[in-house]
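> Using only what follows, build the 3D model:
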Amino acid sequence: MTIKTDLGYIDITNEVLAGIAGYAASSCFGVKGMTIRSMSDGLAHLLGLENQSRGVKVTEAVDGGVNIDLHIAVEHGVNIATVCRSIIGEVRYHVERLTGVDVKNVDIYVESIKAD
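Down below sits the predicted model:
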């Protein structure tokens, strides 16, 4: 994503945006971790905090801004709809505040439910 300013251009990679979105999502209440669906074995793997961009896909929107897809694991017993609303707000807030990039859509895919 390239942003034009009065002083020149700022180039922000999708990996940076994915890292910010992953950190914001994983810090929300009820989120046990980020998951990613493996093409080879079809299993969802629970990932730790060492790679926040796992389970996050960032694509540029046609009309500017970005669309963000998040694949998450939630804690057993939480209201999934409430957790997802919280994640959408947090991800949108942090990405827009830290980068100035407009977030068009945040889509969340709950891949698993984990018990303690």
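> right, and the helix or strand after the lowest-mean-pLDDT helix or strand in the chain?
When each helix and strand of the chain is scored by mean pLDDT, DSSP states H and E, strand 44-47 comes last, with a mean of 45. Once strand 44-47 ends, the next helix or strand along the chain (criterion: DSSP states H and E) is strand 56-60.
> Check which helices and strands that next one sits against.
For strand 56-60, the packing partners by 3 or more C-beta pairs under 8 Å, 6 or more residues apart in numbering; DSSP states H and E come out as helix 14-26, strand 66-75. Every residue, glycine included, has its C-beta placed from N, CA and C.
> Quick check: can you name the pairing partners of that strand and their directions?
Here strand 56-60 is paired, per DSSP bridges, with strand 66-75 (antiparallel).
> Next, name the residue at the spatial heart of this protein.
residue 21 (3.8 Å; C-alpha atoms, centre = their mean).
> Low-confidence bits of the chain, can you list those?
Across the chain, the ranges flagged by pLDDT under 70 are 37-52.
> Report the angle between the longest strand along it and strand 66-75.
Under DSSP state E, the strand in the chain containing the largest number of residues is strand 103-114. Using axes from the mean of the first three to the mean of the last three C-alpha atoms, to 10 degrees, the inter-axis angle of strand 103-114 relative to strand 66-75 is 20 degrees.
> Residues contacting strand 103-114, please?
Residues external to strand 103-114 that are found in contact with it (C-beta atoms under 8 Å, 6 or more residues apart in numbering): 21, 32-33, 35, 37, 44, 46, 55, 61, 63, 65-76, 80, 84, 87-88, 91-92, 95-96.
> Would you mark the buried spots in it?
Residues of strand 103-114 classed as buried under the neighbour-count rule (16 or more other C-beta atoms under 10 Å) are 103-104, 106, 108, 111-112.
> Show me which pair in those is furthest apart.
Distances among the buried residues of strand 103-114 were taken as C-beta to C-beta; the most separated pair is 104 and 112, at 26.8 Å.
> Export the helices and strands packed on strand 56-60 to CSV and append columns for distance to residue 5.
What follows is the helices and strands packed on strand 56-60, written out as CSV (distance: least, C-beta to C-beta, whole Å):
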stretch, distance to residue 5
helix 14-26, 17
strand 66-75, 18
